[in-house]
Structure formats: C-alpha cells, structure tokens
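>>> Fold the stuff below for me.
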Amino acid sequence: MNYLIPPPELPKDSPFTESQKQWLKGFFDGLSAIQPNDQTSESLSPSGPQVTILWGSQTGTSEMLAKKVAKKLTTSGCITSVLDMADTNLADLSCLSHLAIITSTYGDGEPPDNAAALHSELMNETSPFFESTSFSVLALGDSSYPDFCQSGKDFDQRLEALGAKRMTNRVDCDVDYDDQFESWTKSLIASFTSLPA
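Now for the predicted structure:
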C-alpha cells in the first residue's frame, strides 16, 4: 500500500493507557492509509467528526467490515479509528462522542471471544454511563439459530440504557449481509453529514 504519510509510532514510554495507544494506532493507520484518489484535500482536514469503530468477531468478518466502513467514513470526511473489543475498556469508550459497533454472535447467543470481557463489563451494574456518546450497531448472525444477533442486540440495548443516543437504528444481518451492510453504512454516513458544522 502506498501511504500519503508514513504511519507514526508512539514512543514506548508515552503516557497513555493500552486502550488509548490502540486507539491512536488505529487513528494514525487510518490517516496514513488514505489514498490520493480516495478523497480531496478538504476531506483530509481533521475537522470532521471522530468515529471509533469497535469490532467483535469469531471468524474475522466483523473486523473486515469495520475496516470497510472506516474507509467509507474517512472518505466522507470523518476521522476514524478501528478497535478490537479485546483491546479497549468501558472507561475509555464512555468518553467517546461517536461509536460504531460491529459484532457477531457466537454459540447460544454469546459474544465472540474477543468481545466477551467487554460485553461482561458493559452488562455489569457498575458500568459507566454513556450520555455523551452517540452510537450505532451492526449485528451479524445466522437466523437458523434461536438467539439471532443476540450479542449485537445486547450492546445496542445496554448502551441505550446507559444514556447513549442512537445515530441510526440497529441492523441485524443474516448470513447474506452485503445489502444490509451497505444500507447501514449509508445511514451512518448520512447521520454525520447531517450534523451541524
């Protein structure tokens, strides 16, 4: 991949938590990977909304979709960061303004392995509130199972209960998810372009 700018690296002794370092790494990687033909110099401005895309995945599908939506949001003028759920915590997430979650469901309605700890922390009664956070959830599942998209439903309902505000309605995707993913992505982009300047 050709980079417009080389991706910077944080010094090992930088005063950030591990989650903050992961967020910054995703942010820098996203900026560095922008291709010249992808967008204009105006959309490269850091003045757009900052969006963190959080993924939970057992097989890698959610991670792939998170990277796709990050590219589309970046092209539309957003500043994006892609995070593995295993590499973050609620304290850091509750400080974010915009959060997009893409997660699959595993087994009998359980979160995928990399999302299990964060899911448990979110469901705990000591979870922080998310009043300053806007969010949207893309849930992946298989409708042949009784607890279809349950992990995504859990994240969606719990964030709302903790005071977060929906940017778009949750979308529950079956095995063929392409059209639903595109529709969700367009709605997400539209929610940012409608924000006041």
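
>>> Can you pull up the most central residue in the chain?
residue 53 (1.7 Å; Cα atoms, centre = their mean).

>>> Now name the helix or strand holding it.
Taking DSSP states H and E as the criterion, the element that holds residue 53 is strand 50-56.

>>> ditto for residue 183
Per DSSP H and E: helix 178-193 holds residue 183.

>>> quick one on the thing from earlier: so the residue nearest to the centre of the chain sits against residue 82, correct?
Yes - if you go by Cβ atoms under 8 Å, residue 53 and residue 82 touch, sitting 4.9 Å apart. For the C-beta atoms, the positions are set from N, CA and C on the backbone; glycine is no exception.

>>> Where does residue 100 sit: helix, strand or coil?
strand (DSSP: H, G, I helix; E, B strand; the rest coil).

>>> Any idea what it is bridged to?
Here residue 100 sits in beta bridges with residue 53, residue 136, going by DSSP bridges.

>>> roughly how far apart are it and residue 54?
Here the criterion is Cβ to Cβ, to the nearest Å. By it, residue 100 lies 7 Å from residue 54.

>>> ok, the residue nearest to residue 171 when sequence neighbours are not counted - how many residues close by?
Nearest non-adjacent residue to residue 171, counting by Cβ to Cβ, 6 or more residues apart in numbering: residue 184, 4.3 Å away. Residue 184: 24 surrounding residues under other Cβ atoms under 10 Å.

>>> so what sits against both of residue 53 and residue 82?
66, 70 (Cβ atoms under 8 Å, 6 or more residues apart in numbering).

>>> For residue 191, list the residues it contacts.
By Cβ under 8 Å, 6+ apart, the neighbours of residue 191 are 134, 136, 167, 168.

>>> Most neighbours of all these, which one?
The residue in those with the most neighbours, by other Cβ under 10 Å, is residue 136 (26 neighbours).

>>> Report the contact partners of residue 141.
With Cβ under 8 Å, 6+ apart, residue 141 has these contacts: 104, 105, 148, 149, 150, 151, 152, 172, 173, 174.

>>> PyMOL command for the buried members of the residues you listed?
Filtering those down to the buried ones (16 or more other Cβ atoms under 10 Å) takes a single PyMOL command:
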select buried, resi 104+105+148+149+150+151+152+172+173
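
>>> Inside strands: which ones of the contacts of residue 141?
Residues of the contacts of residue 141 located in strands (DSSP state E): 104, 172, 173.

>>> For residue 97, see how far away the spatially closest residue to the last one that is not a sequence neighbour is.
So the one you mean is residue 173. Among residues not flanking residue 173 along the chain, residue 180 sits closest, at 4.5 Å (Cβ to Cβ, 6+ apart). Distance from residue 180 to residue 97, counting by Cβ to Cβ: 25 Å.
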